[in-house]
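Trainee: what follows is a predicted protein model with its sequence.
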Amino acid sequence: MSMPFYVSPEQLMKDRSDFARKGIGRGRPVVVLGYGDGIAFATENPSRALHKVSEIYDRIAFAAVGKYNEFENLRVAGIRYADLRGYSYDRADVNARGLANAYAQTLGTVFTTESKPLEVELVVAEVGADQAGDQIYRLSYDGSVAEEHGVVAMGGSSDRLAELLHAQWHPGASLPQVLAWARRALGSTGVSQEETGVVREIPAAHLEVAVLDRSRPRRTFRRLDGPMLVDLLEGVS
């Protein structure tokens, strides 16, 4: 009888982490930026149907990088969680922290018990009454949760993007400003851009942009596209 192949728990967790990070790193990055009137999400995405940024509930949005089918299942599960909690208790009882905790449990369980981890990284964001009340949570493939403030970058070249954006971002920035920073940062990704330092200009039609607008009465999520997005991108040189 052959002996079973032994892999130490440390090596197994390392292999799973490396596998998930490689899958996430191949995805186009998503950036999340707070601004004076809300929270903005931006990514390079020519598709008009396969969204990486979506509404979850009244004041909560979801953004993801990685394998589309995996994060789409998580998005749907998040909507069901929010709807059930809002129906059972009160709409005010649905918040980003509770949703982030639910996602963390799912991601952590899959990472430790399944043969393959989920190749996804998520952001759950909730817009508050003012910028100080905004909540942004970043969730990794292994279920770890980090509370972020102002700037988040996920996906390929995320460290470089975060560094670029932190150098420019400041509280109270306008929506045209943060969209210009996001577009410029996303245009700096790619092998040739990182080697030459040349920033490509991403067409507005190839950007997926959405915001949580705190000035809206209840459902704060809205997508920005077409002439509206072009006008906003041209608002800051």
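Mentor: Yes, it's here. Numbering: from 1, shown residues only.
Trainee: run the chain-centre distance for the helix ranked longest in the chain.
Mentor: Scanning the chain for the helix with the most residues, using DSSP state H, yields helix 68-88. Here the centre of helix 68-88 is set off from its chain's centre by 15 Å, with CA atoms, centre = their mean, to the nearest Å.
Trainee: which outside residues touch that helix?
Mentor: 50, 52, 54, 56-57, 60, 62, 64-65, 93-94, 98-99, 102-103, 106, 118-120, 122, 124 (CB atoms under 8 Å, 6 or more residues apart in numbering). Using the backbone N, CA and C atoms, a C-beta is placed for each residue, glycine as well.
Trainee: angle of whatever helix or strand comes next after it against helix 68-88?
Mentor: Downstream of helix 68-88, the first helix or strand assigned by DSSP states H and E is helix 96-113. If you take axes from the mean of the first three to the mean of the last three CA atoms, to 10 degrees, helix 96-113 sits at 140 degrees to helix 68-88.
Trainee: so which other helices or strands are in contact with helix 96-113?
Mentor: helix 68-88, strand 120-126, strand 135-139, strand 145-148 (3 or more CB pairs under 8 Å, 6 or more residues apart in numbering; DSSP states H and E).
Trainee: please report phi then psi for the spatially closest residue to residue 150 that is not a sequence neighbour.
Mentor: Closest residue in space to residue 150, ignoring its immediate chain neighbours: residue 34 at 4.7 Å, by CB to CB, 6 or more residues apart in numbering. Residue 34 adopts backbone torsions of phi -80, psi 150, taken as degrees, to the nearest 10.
Trainee: contacts only, for residue 34.
Mentor: By CB under 8 Å, 6+ apart, the contact set of residue 34 is 40, 131, 134, 136, 149, 150, 151, 169, 171, 178.
Trainee: compare these and tell me which is most surrounded.
Mentor: In terms of neighbour count, residue 178 stands highest of these at 29 neighbours, by other CB atoms under 10 Å.
Trainee: that one and residue 211, how far apart?
Mentor: Residue 178 is 9 Å from residue 211, where distance means CB to CB, to the nearest Å.
Trainee: quick one: the helices in the protein?
Mentor: With DSSP H as the criterion, the chain has helices spanning 9-25, 68-88, 96-113, 158-168, 175-187, 191-196, 226-233.
Trainee: so for residue 216, which of the ones you listed sits nearest?
Mentor: helix 175-187 (13.3 Å; CB to CB).
Trainee: could you list the low-pLDDT ranges of the protein?
Mentor: By pLDDT under 70, the low-scoring segments of the chain are 1-4, 190-197, 236-237.
Trainee: tell me the angle of the longest helix of the chain relative to helix 9-25?
Mentor: Using the same axes, to 10 degrees: helix 68-88 against helix 9-25 is 90 degrees.
Trainee: gap between the residue nearest the centre of the chain and residue 39?
Mentor: What sits nearest the mean C-alpha location of the chain, by CA atoms, centre = their mean, is residue 63, with 3.4 Å. Per CB to CB, residue 63 is found 10 Å from residue 39.
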